[in-house]
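J.: How does the following fold in three dimensions:
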Amino acid sequence: MIGALWRALLDLLLPTPCGGCDAVVEPGQGLCATCRAELARPVPAPELPGLPPAMALAPYRGAPRRVVIAYKERGRRDLAAPLAAALAAALAQALPRGPCVLVPAPSRPGAARARGGDHMLGLARAVAAGTDHVVLPALRLSWRARDSVGLDARERAANLTAHLRLRRRVRPGDGRPVVLLDDVLTTGATARTCARALAAAGLPVDLVLVVTAVGARRPVVPGGRPTRGTPARHLPATRRSR
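T.: Here you go, the predicted model:
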């Protein structure tokens with residue numbers, strides 16, 4: 001405990017490397033301006049079978065990939081603030097009509113303990129801070145769940161189907177959009193299985209919002225420059241009827 005407090009104090013006093021590129025940033029900033037900009041241009045995630053509409057802050061490569069790894073695996077909890085700000089901005093763009101129910105994708109209990117807490121639950125709470133969004137940690141993984149690293153899409157789906165549970169009894173939604181939050185979208189197995197479990201509980205997912213997505217591409221305009229806007233072709237504009 002003393003060691004953790006000492007590290008937190010040092011983080012406040014000493015300059016730290018940017019979580020995306022290692023440039024020196026002011027204490028508490030987490031990301032440099034360039035890497036923040038990388039997360040400020042959300043893109044539609046690849047359309048995968050059975051997956052609700054999905055949006056990512058960035059493709060899973062370069063600085064955004066390093067940011068996810070630093071936050072998730074290397075204890076860079078100072079990255080929660082800039083990640084939450086970028087997610088909140090993307091959420092307002094995709095679903096501008098009011099507060100949402102934010103459901104974080106669950107971590108394996110052992111992984112959460114090793115990381116000092118459930119990283120997506122912490123990020124969901126940071127997104128909701130100071131807003132009317134509601135964080136609902138409705139899902140959990142049993143301790144028997146396997147690490148998804150190295151599993152193919154079929155194995156990931158089977159692993160999640162066997163071990164994903166509702167954390168608590170949930171009531172059908174009150175009309176607020178339901179948003180599933182996760183760090184990386186790869187095969188879609190996690191998001192798809194979580195969405196099915198929530199739908200069965202009366203909370204169908206309106207949007208899957210992730211920090212990064214494998215295979216996501218930024219739209220390109222003539223001249224080869226990426227656009228700053230996010231195409232809304234498959235993002236839900238209004239709340240569908242239940």
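
J.: alpha carbons only for contacts and neighbour counts from here, please
T.: Will do.

J.: helices and strands around the one helix or strand Arg140 maps to, which ones?
T.: Mapping Arg140 onto the secondary structure by DSSP states H and E places it in strand 139-141. Judged by 3 or more CA pairs under 8 Å, 6 or more residues apart in numbering; DSSP states H and E, the packing partners of strand 139-141 are strand 164-166.

J.: What strands line up against the strand it packs on, and which way round?
T.: For strand 164-166, the paired strands and their directions (DSSP bridges) are strand 139-141 (antiparallel).

J.: give the contact list for Cys35.
T.: Residues counted as contacts of Cys35 (CA atoms under 8 Å, 6 or more residues apart in numbering) are Gly20, Cys21, Ala63, Pro64.

J.: what do you get if the cut-off is 7 Å, keeping everything else the same?
T.: Listed by CA atoms under 7 Å, 6 or more residues apart in numbering, the contact set of Cys35 reads Gly20, Ala63.

J.: for Pro52, same thing?
T.: Val205, Asp206, Leu207, Val208.

J.: three-state assignment of it?
T.: Reducing the assignment to helix, strand or coil with DSSP: H, G, I helix; E, B strand; the rest coil, the entry for Pro52 is coil.

J.: what does the one 3 residues further on give?
T.: Classification of Met55 into helix, strand or coil gives strand, according to three-state DSSP.

J.: which non-adjacent residue is nearest it?
T.: If you skip the residues right next to it in sequence, Met55 has Pro44 as its closest partner in space, 4.4 Å away by CA to CA, 6 or more residues apart in numbering.

J.: okay but the one you found is in contact with Leu57, surely?
T.: No - Pro44 is not in contact with Leu57 according to CA atoms under 7 Å; the separation is 8.7 Å.

J.: Comparing these two, which shows the higher neighbour count?
T.: Leu57 (27 against 24; other CA atoms under 10 Å).

J.: gap between the nearest residue to that one once chain neighbours are set aside and Leu102?
T.: For Leu57, ignoring the flanking residues on the chain, the nearest one in space by CA to CA, 6+ apart is Pro42 at 4.1 Å. The spacing between Pro42 and Leu102, counted by CA to CA, to the nearest Å, is 18 Å.

J.: okay, the two: which has more neighbours?
T.: Between Pro42 and Leu102, counted using other CA under 10 Å, the more crowded position is Pro42 (30 against 27).

J.: what sits opposite Leu166 in the beta ladder?
T.: The residues listed as beta-bridge partners of Leu166 by DSSP bridges are Leu139.

J.: Now do the contacts for it.
T.: Ala138, Leu139, Arg140.

J.: quick one: the last one and Pro99, what's the gap?
T.: Read that as Arg140. Distance check for Arg140 against Pro99: by CA to CA, it reads 23 Å.

J.: likewise the first one?
T.: In this structure, Ala138 and Pro99 are 18 Å apart, going by CA to CA.

J.: Great, nothing more from me.
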